[in-house]
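**Q** pasting the structure only:
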């Protein structure tokens with residue numbers, strides 16, 4: 001049975017009514033040159049700086065890239081995948097979006113690359129959203145002074161080089177002096193502090209990143225930590241964007257009114273990756289072959305760390321960038337740039353490290369420009385005396401190397417100074433509670449250790465903490481709650497330390 005003309009007319013009318021004229025427009029360019037992780041693209045005249053590009057590859061999958069050089073005739077782009085998959089003449093598609101990073105609680109406990117793709121064996125990440133890797137730093141009006149301490153759990157730092165929430169404190173030193181160890185201890189110490197931690201590994205060996213992950217997992221710190229890894233074998237563009245990706249994640253938590261800590265390990269390798277990219281893109285080279293905007297590259301990253309005021313959310317982002325020196329020379333290009341950008345530096349010295357003083361912090365060259373504003377009153381009181389005693393000890397020590405007889409007061413000063421140096425030594429992965437730090441430093445600066453043999457000082461410290469935890473926990477609790485040492489607490493502390501010292505001396 002055939003279809004009548006009327007039915008055909010109705011079908012055509014229905015089709016016309018439901019017809020949608022969809023045109024799929026895509027901005028497309030062509031690769032004219034490719035190699036060493038960079039590509040020159042012709043035909044994409046309307047792209048933005050840092051725009052995400054998609055390159056068609058020989059494998060059929062799209063390789064991601066980013067527009068960096070915007071020239072009149074072509075654009076210079078960096079590739080986030082292998083350049084071997086891209087051939088001359090390959091099509092390049094504009095996405096209309098800048099490079100973004102996934103953010104949210106789902107990244108905590110995970111190891112991801114600079115694009116937010118999982119590197120561990122966990123399930124796919126379900127982000128709460130995406131943020132551009134490059135963001136505007138908070139303006140002056142949106143900030144407030146740094147006044148809340150970020151406790152590292154390391155006695156020498158919390159007492160003499162305090163770090164505040166929202167500060168940028170540089171960790172600087174030669175290879176193998178304990179820079180990463182300081183950063184990892186700081187993450188471990190945030191366990192009950194409500195601080196979200198982000199560890200960005202730039203140009204590291206994958207085995208080292210794995211060690212950091214397993215240590216943090218063992219200490220229960222991965223529950224509040226995200227690791228972003230751009231390891232040494234990954235393309236230089238991924239190493240370049242990794243710290244910006246980490247910063248975008250940190251800003252997400254800061255904007256929720258929370259406190260976040262980000263560690264860049266390290267910015268020396270980040271600078272090298274950016275130098276490599278810039279030279280391949282034929283940008284003019286400056287000092288030490290670094291591009292002219294290397295200072296701006298790091299300053300716009302570190303300036304995003306800040307303490308927001310209540311109107312801006314009240315959160316904070318604290319940055320601990322790490323930079324490597326060669327033979328202790330802090331006057332080279334990248335270290336001096338970073339020293340001038342940050343709010344202070346913790347300088348680790350090889351000679352101190354090999355003398356067994358660990359952490360090997362040179363207190364003379366280390367400084368925190370936030371200072372006592374980032375300390376509780378109790379710590380400020382004992383640390384002022386500690387810094388004075390150590391300064392006098394260093395002066396006397398250098399003087400006595402010239403020889404000559406010493407009077408009793410000089411001998412007493414040297415004796416106390418040596419014991420203060422001894423109590424500032426601390427094993428790796430063993431951060432201390434701030435109240436316990438105050439008890440230990442109090443016992444040193446007020447002379448309770450003067451008669452203790454140098455070899456017994458660390459044992460004294462360890463057993464003193466155990467004694468306070470079991471016999472005088474109310475003192476530790478009061479210090480932590482009141483955050484200051486009134487006369488009553490001082491009297492009780494003196495009495496408790498004296499009681500312990502008598503026991504300790506009898507046990508020798």
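**A** That came through fine. This one's a predicted model, so the numbers in the text were calculated from it and none came from an experiment.

**Q** please make it C-alpha for all contacts and neighbour counts, starting now.
**A** Noted.

**Q** quick check, pLDDT for residue 299.
**A** Looking at residue 299, its pLDDT is 97.

**Q** which residues touch it?
**A** For residue 299, the contact set (Cα atoms under 8 Å, 6 or more residues apart in numbering) comprises 338, 341.

**Q** how near is it to residue 342?
**A** 9 Å (Cα to Cα, to the nearest Å).

**Q** ok, residue 82 next?
**A** Relative to residue 342, and taking Cα to Cα, residue 82 is found at 35 Å.

**Q** and residue 391, by the same measure?
**A** 25 Å.

**Q** tell me which of residue 82 and residue 342 has more neighbours.
**A** More neighbours surround residue 342 than the other of residue 82 and residue 342, with 21 against 16 (other Cα atoms under 10 Å).

**Q** and the strands in the stretch 101-250 of the chain, which stretches?
**A** Listed in chain order, the strands of the stretch 101-250 of the chain (DSSP state E, counting those that start in this stretch) span 111-112, 129-132, 170-173, 195-202, 225-230.

**Q** list the buried residues in the host helix or strand of residue 495.
**A** Using DSSP states H and E, residue 495 sits within helix 487-507. Of the residues in helix 487-507, those buried by neighbour count under the rule 16 or more other Cα atoms under 10 Å are 489, 493, 494, 496, 497, 500, 501, 504.

**Q** run the chain-centre distance for stretch 421-434.
**A** 20 Å (Cα atoms, centre = their mean, to the nearest Å).

**Q** same check on stretch 79-88?
**A** The answer for stretch 79-88 is 31 Å, by Cα atoms, centre = their mean.

**Q** and if you look at stretch 179-190?
**A** Taking mean C-alpha positions (Cα atoms, centre = their mean), stretch 179-190 and its chain are 10 Å apart.

**Q** and for stretch 209-221?
**A** For stretch 209-221, the distance to the chain centre is 16 Å (Cα atoms, centre = their mean).

**Q** contacts for it, please.
**A** Stretch 209-221 is contacted from outside by 184, 187, 188, 190, 191, 201, 222, 223, 227, 229, using Cα under 8 Å, 6+ apart.

**Q** which ones are touching residue 102?
**A** Here residue 102 is in contact with 115, 116, 127, 128, 129, 130, 131, 249 (Cα under 8 Å, 6+ apart).

**Q** which helix runs longest in the chain?
**A** As assigned by DSSP state H, the longest helix anywhere in the chain is helix 377-400.

**Q** who does that helix touch, helix- and strand-wise?
**A** Helices and strands touching helix 377-400, by 3 or more Cα pairs under 8 Å, 6 or more residues apart in numbering; DSSP states H and E, are helix 155-160, helix 408-423, helix 434-445.

**Q** buried deepest among those helices, which one?
**A** helix 155-160 (a mean of 25; mean count of other Cα atoms under 10 Å).

**Q** who does that one touch, helix- and strand-wise?
**A** Checking 3+ Cα pairs under 8 Å, 6+ apart, helix 155-160 ends up next to helix 377-400.

**Q** what's the mean pLDDT across the helix it packs on?
**A** 88.

**Q** can I see the domain layout of the chain?
**A** 28-97, 102-375, 378-507 (automatic domain parsing).

**Q** closest one to residue 6 among those?
**A** domain 28-97 (45.9 Å; Cα to Cα).

**Q** what mean pLDDT does the closest one get?
**A** So the average pLDDT for domain 28-97 ends up being 93.

**Q** try stretch 307-316
**A** Rounded mean pLDDT across stretch 307-316 is 95.

**Q** still on that earlier bit, so which of the contacts of residue 102 is the most crowded?
**A** Result: residue 249 is most packed of those (other Cα under 10 Å), 26 neighbours.

**Q** hang on, the earlier thing: quick check: which of the strands of the stretch 101-250 of the chain is nearest to residue 384?
**A** The nearest among the strands of the stretch 101-250 of the chain, by Cα to Cα, is strand 170-173 at 22.2 Å.

**Q** which neighbours does that closest one have in its sheet, and in what orientation?
**A** Within its sheet, strand 170-173 is paired with strand 316-324 (parallel), strand 344-348 (parallel), according to DSSP bridges.

**Q** any idea which of those strands is most buried?
**A** strand 316-324 (a mean of 27).

**Q** and the following helix or strand past it, how far from the chain's centre?
**A** Sequence order places helix 333-341 as the next helix or strand after strand 316-324, per DSSP H and E. Its chain's C-alpha centre and that of helix 333-341 lie 16 Å apart, by Cα atoms, centre = their mean.

**Q** and the angle for helix 333-341 with strand 316-324?
**A** Compare the direction of helix 333-341 with that of strand 316-324 by axes from the mean of the first three to the mean of the last three Cα atoms, to 10 degrees and you get 150 degrees.
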